[in-house]
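> Okay, structure incoming, though there's no sequence with it:
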């Protein structure tokens, strides 16, 4: 009887945890699976590298959360072209295209004036080589075909971009207009 009671308590606790997780992500699932997205005049994206999350907000607040991965696992700010780091700062979506390998691609305006200032300061301090370049082409995009598992396993594989599952990248591509603010933090 004592063993059955422990199993019941463990099962109940697990169900509570799972139901809490479902509630946390329920708005996202109901919007993306059952309903069409509400067209809004305002969207904002927040990407938290330490949590591997991309959150979308509209004028009413939080809409959905997507899992994402990045360039490398050490999660430092982008220093220069080729370092595979994901930049941190305030950006905007400046173009949308379908990439042959990565599917839906939302191009960000990296490097911004602030990124160039950080880059030049780091160069002056000798933190990066004098012939280094700041890089570019940073965006939010899908995984390669049949590689959605990289997101499940938090496998950072990009050259500095933000990547999510193909289905989620399509949703973001269809939802977010050019000009959407994107904030990336660590």
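That came through fine. Bear in mind that the values here come from a model prediction, so they are computed numbers and not experimental data. Numbers count the residues shown, from 1 in each chain.

> Report the buried residues of the longest strand along the chain.
With secondary structure taken from DSSP state E, the chain has its longest strand at strand 89-99. For strand 89-99, the neighbour count (16 or more other C-beta atoms under 10 Å) marks 89, 91, 93, 96 as buried. Quick note: C-beta positions are derived from backbone N, CA and C, even for glycine.

> can I assume the second one is in contact with residue 111?
Read it as residue 91. No - assessed by C-beta atoms under 8 Å, residue 91 is found out of contact with residue 111, at 9.5 Å.

> Could you report the neighbour count for the residue lying closest to residue 87 once chain neighbours are set aside?
Once flanking residues are discounted, residue 87 sits nearest to residue 78: 3.9 Å by C-beta to C-beta, 6 or more residues apart in numbering. By other C-beta atoms under 10 Å, 23 other residues sit near residue 78.

> So residue 78 sits against residue 72, correct?
No - Residue 78 is beyond contact range of residue 72, at 10.2 Å (criterion: C-beta under 8 Å).

> How many neighbouring residues does the nearest residue to residue 160 once chain neighbours are set aside have?
Spatial nearest neighbour of residue 160, excluding adjacent residues (C-beta to C-beta, 6+ apart): residue 71 at 4.4 Å. Counted by other C-beta under 10 Å, the residues lying close to residue 71 total 23.

> Nice, that's everything, thank you.
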